[in-house]
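> Curious how this folds, go ahead:
(one chain, ligands or ions: 2)
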Amino acid sequence: MKNLQDTIQLNHGKAFPWLGLGVFQVEDGDTVISAVEEAIVVGYRHIDTAAIYQNEEGVGEGIRRGLKRTGLQREDLFITSKLWNAEQGYDSAIAAYEESIKKLGVEKLDLYLIHWPVENKYLESWKALEFLYHEGRVGAIGVSNFHIHHLENLLKEAAVKPAINQVERHPRLVQNELKSFLDNNGIQAVAWAPLMQGEILHEPVIQAIADRVGKSVAQIVLRWQLQSGWATIPKSIQAKRIQSNADIFDFSLTDADMAAISALDQHRRVGPDPDHFDF
Ligand SMILES: NC(=O)C1=CN([C@@H]2O[C@H](COP(=O)(O)OP(=O)(O)OC[C@H]3O[C@@H](n4cnc5c(N)ncnc54)[C@H](OP(=O)(O)O)[C@@H]3O)[C@@H](O)[C@H]2O)C=CC1
Ligand SMILES: O=C1CO[C@H](CO)[C@@H](O)[C@@H]1O
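Ligands and ions are numbered 1, 2, ... in the order given. Next up is the predicted model:
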């Protein structure tokens, strides 16, 4: 990937940007409106939200303002939202999708994800997402927080393969086994908490690479994500960081840098393990 507008061809749906803006814990209203608008102005083309973030209305307004300022069209952007756990099931998933697009003020989403693999519910929810996809009401469908065993179970039943699996991934949780499984099945890997929600930003091994390359630790970590084949969605509400997190296309990490960062793996999560999440 050479620039911020570079994309990945998913197994279905439209071209998917390598880098997007995440908006978890971003307050609805002015804060999320400004962050989304700023991101679009500096060149982001993907916004990742979820019903549970309770900011879809502000995200929609930020998108409209960003489009106005840049002269871009809705189809130039990639918008993702997610089905919350309480709404899993066939009819409830369809109703939740309708609610999300209404709040965002868009005709359809480019990608709708099952947020967590709620046991005994996610297969039924997937059938609802397949229905929306076959009807042309959503551009692509995918999953989030699915372990290999959830995916194996889903793939046995699915008529449409998930386009992506969005999971926690950073230098303390490298997820190589899952990545190989996704590669073998043509499913794109997407990293959430790519900066470990800030926890990885003082790591000396990465700091040394950052000093040598002349980039920040955050930029090195985000570059490591992309160079290892993971698309990603860092969150920031600060204009300078939104900008600098996207300024990662003018350098490359060496194989030794990549290996040194991956060697920091401790299989450590900042979020819940999908197998033990209290739904
Ligand atoms: N599918 C799922 O279950 C989940 C999905 N997600 C998605 O992934 C996105 C990213 O993950 P998230 O949990 O937000 O964590 P991130 O790893 O993106 O970290 C965000 C934190 O890092 C700070 N930060 C961002 N950039 C910099 C920088 N350059 N220098 C220093 N600090 C920085 C932010 O603060 P500030 O804003 O002040 O800059 C914020 O506190 C979410 O926003 C959401 O869209 C997240 C969790 C679960
Ligand atoms: O995306 C996420 C962030 O918000 C949720 C909780 O409120 C998490 O469960 C989820 O993974």
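
> for ligand 1, what are the nearby residues on the chain?
When proximity is defined as CB under 6 Å from any ligand atom, the chain approaches ligand 1 at 22-24, 48, 115, 144-145, 166, 192-198, 201, 218, 233-238, 241, 244-245, 271. The way it works is simple: take the backbone N, C-alpha and C, and place the C-beta from them, glycine included.

> Restricted to helices, list these.
Under the assignment DSSP state H, these contribute 218, 241, 244-245 to helices.

> buried subset of those?
For those, a neighbour count by 16 or more other CB atoms under 10 Å gives the buried set as 218, 241, 244-245.

> just the residues you listed now: which is nearest residue 133?
Among those, residue 245 lies closest to residue 133 (CB to CB), at 30.7 Å.

> The closest residue to that closest one other than its chain neighbours: what's it in contact with?
Spatial nearest neighbour of residue 245, chain neighbours left out: residue 234 (4.8 Å); criterion: CB to CB, 6 or more residues apart in numbering. By CB atoms under 8 Å, 6 or more residues apart in numbering, residue 234 lies in contact with 19, 21-22, 194-195, 218, 222, 245.

> let's go with 7 Å and repeat that
22, 194-195, 222, 245 (CB atoms under 7 Å, 6 or more residues apart in numbering).

> tell me what the helix or strand residue 156 falls within is packed against?
If you go by DSSP states H and E, residue 156 is part of helix 148-157. The contact analysis (3 or more CB pairs under 7 Å, 6 or more residues apart in numbering; DSSP states H and E) places helix 148-157 against helix 122-134, helix 176-184.

> Ligand 2: which of those helices is closest?
helix 122-134 (14.4 Å; CB to the nearest ligand atom).

> Report the secondary structure state of the nearest residue to residue 215 once chain neighbours are set aside.
Nearest non-adjacent residue to residue 215, counting by CB to CB, 6+ apart: residue 251, 6.5 Å away. Under DSSP: H, G, I helix; E, B strand; the rest coil, residue 251 falls in the coil class.

> what sits against residue 251?
Shown in contact with residue 251 (CB under 7 Å, 6+ apart): 213, 215, 223.

> And the contacts of the helix holding residue 156?
Looking at helix 148-157 with CB under 7 Å, 6+ apart, the contacting residues turn out to be 117, 122-123, 126, 161-162, 165, 178, 181, 185.
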